[in-house]
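Participant: Whatever this is, show me its structure:
(chains A and B)
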Amino acid sequence: DQQVKQNSPSLSVQEGRISILNCDYTNSMFDYFLWYKKYPAEGPTFLISISSIKDKNEDGRFTVFLNKSAKHLSLHIVPSQPGDSAVYFCAASEWSSGDKLTFGTGTRLAVRP
Amino acid sequence: GAVVSQHPSRVICKSGTSVKIECRSLDFQATTMFWYRQFPKQSLMLMATSNEGSKATYEQGVEKDKFLINHASLTLSTLTVTSAHPEDSSFYICSASQPGQGLYEQYFGPGTRLTVT
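Facilitator: Numbers count the residues shown, from 1 in each chain, chains lettered A, B, ... in the order given. So this is what the prediction gives:
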C-alpha cells in the first residue's frame, strides 16, 4: 500500500521556467511533509518542509504548497536551473510515529539548458 | 553541519557471507538512526529505526535475524546483512535525526551499494 505517491516518474523543463512536482498521499494522519533531492549513488538531501497547519512554505527558489482537503502537495522550483536535475522525493510523517518518514516513489527532473 | 557518513560506499560479496555497513554522524549526536533500502527506480523503504542503547524497531516484512542493527553509540549505527543472497543486492542508506533541528528532518548518508554474487 503506497501511502505517498508521485505519479509522474519524470519531468523535463527548460532552464529558467517553472518546475512543478506533485505528490499525493492517502493517510489523513500525516501532519508533516518534506521534499528531498537525490543525485545518483548519493543519499537524499533535505530541501523544504511544511506542516499541516500551513498551506504554503517558501525558501528561495523553492515553494511547497499543501492542499489538505485534496491530500496533495506540490513543489515549485522557479527559476529552474540545470543543477536542479535530480530525483525528487516527497516524504510524509505523522506525529504518533515519531521521526518515521514515508517516501514517495520519486520524480526525475531534467532541466534542459 | 549535520553530516552523516557511510562505509563502505560499495561492496561486493559472495552469496552466504555477511557484510557490515557503518553509519556515522560526524558532527552531532544522533539518538535515532534509520536504515533504508532502495531498489532501482523505486522509493526509499524504511527497514528499521535504531535508538542508541536499545534494540532496533523493524518494519513489517524485514527479517531482524538477517538484517542485524546495532546502535552502540550516539554517533555510530551498523547494519549487518547476514548470509547474504543475490536478492539482498540493493542500495542501503542510513539517516540520522539531529536533536533540536526541524521536526522530522533527517540527514542522510551517501549510501552503500551492495552487490551479492
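Participant: Which parts of chain A are strands?
Facilitator: A:4-5, A:10-14, A:19-25, A:32-38, A:45-51, A:56-59, A:62-67, A:72-77, A:86-93, A:102-103, A:107-112 (DSSP state E).
Participant: Any chance of those in JSON lines with mean neighbour count and mean pLDDT as columns?
Facilitator: Every residue, glycine included, has its C-beta placed from N, CA and C. Shown next, in JSON lines, are the strands of chain A (neighbours: other C-beta atoms under 10 Å in any protein chain shown; pLDDT from 0 to 100):
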{"stretch": "strand A:4-5", "mean neighbour count": "20", "mean pLDDT": "93"}
{"stretch": "strand A:10-14", "mean neighbour count": "14", "mean pLDDT": "97"}
{"stretch": "strand A:19-25", "mean neighbour count": "21", "mean pLDDT": "97"}
{"stretch": "strand A:32-38", "mean neighbour count": "23", "mean pLDDT": "93"}
{"stretch": "strand A:45-51", "mean neighbour count": "17", "mean pLDDT": "91"}
{"stretch": "strand A:56-59", "mean neighbour count": "12", "mean pLDDT": "96"}
{"stretch": "strand A:62-67", "mean neighbour count": "18", "mean pLDDT": "98"}
{"stretch": "strand A:72-77", "mean neighbour count": "20", "mean pLDDT": "98"}
{"stretch": "strand A:86-93", "mean neighbour count": "24", "mean pLDDT": "94"}
{"stretch": "strand A:102-103", "mean neighbour count": "22", "mean pLDDT": "90"}
{"stretch": "strand A:107-112", "mean neighbour count": "18", "mean pLDDT": "96"}
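Participant: helix or strand for the residue most central in space within chain B, which one?
Facilitator: For chain B, residue B:35 is the residue whose C-alpha lies nearest the centre (C-alpha atoms, centre = their mean; 3.4 Å). Using DSSP states H and E, residue B:35 sits within strand B:32-38.
Participant: Is there contact, residue-wise, from that strand to chain A?
Facilitator: Yes. Strand B:32-38 reaches chain A (C-beta under 8 Å from any C-beta of the partner chain) through B:32, B:34.
Participant: Okay, angle between that strand and strand A:86-93 too, please.
Facilitator: Angle of strand B:32-38 versus strand A:86-93, following axes from the mean of the first three to the mean of the last three C-alpha atoms, to 10 degrees, is 130 degrees.
Participant: What strands flank the helix or strand following strand B:32-38, and is each parallel or antiparallel?
Facilitator: For strand B:32-38, the succeeding helix or strand toward the C-terminus, using DSSP H and E, is strand B:44-51. Strand B:44-51 has the following strand partners under DSSP bridges: strand B:32-38 (antiparallel), strand B:57-58 (antiparallel).
Participant: Now the residue in chain B that chain A sits nearest to. Nearest residue, chain neighbours left out?
Facilitator: Here chain B gets closest to chain A at one residue, residue B:108, 3.2 Å apart by C-beta to the nearest C-beta. Nearest-residue entry for residue B:108: residue A:43, 3.2 Å, with adjacent residues in sequence omitted and distances by C-beta to C-beta, 6 or more residues apart in numbering or on different chains.
Participant: who in chain A is up against chain B?
Facilitator: For chain A, the contact set with chain B under C-beta under 8 Å from any C-beta comprises A:2, A:4, A:9, A:32, A:34, A:36, A:41-46, A:49, A:51, A:89, A:93, A:98-106.
Participant: so where do the strands sit in chain B?
Facilitator: For chain B, the strands defined by DSSP E cover B:4-7, B:10-13, B:19-25, B:32-38, B:44-51, B:57-58, B:67-73, B:76-81, B:90-97, B:106-108, B:112-116.
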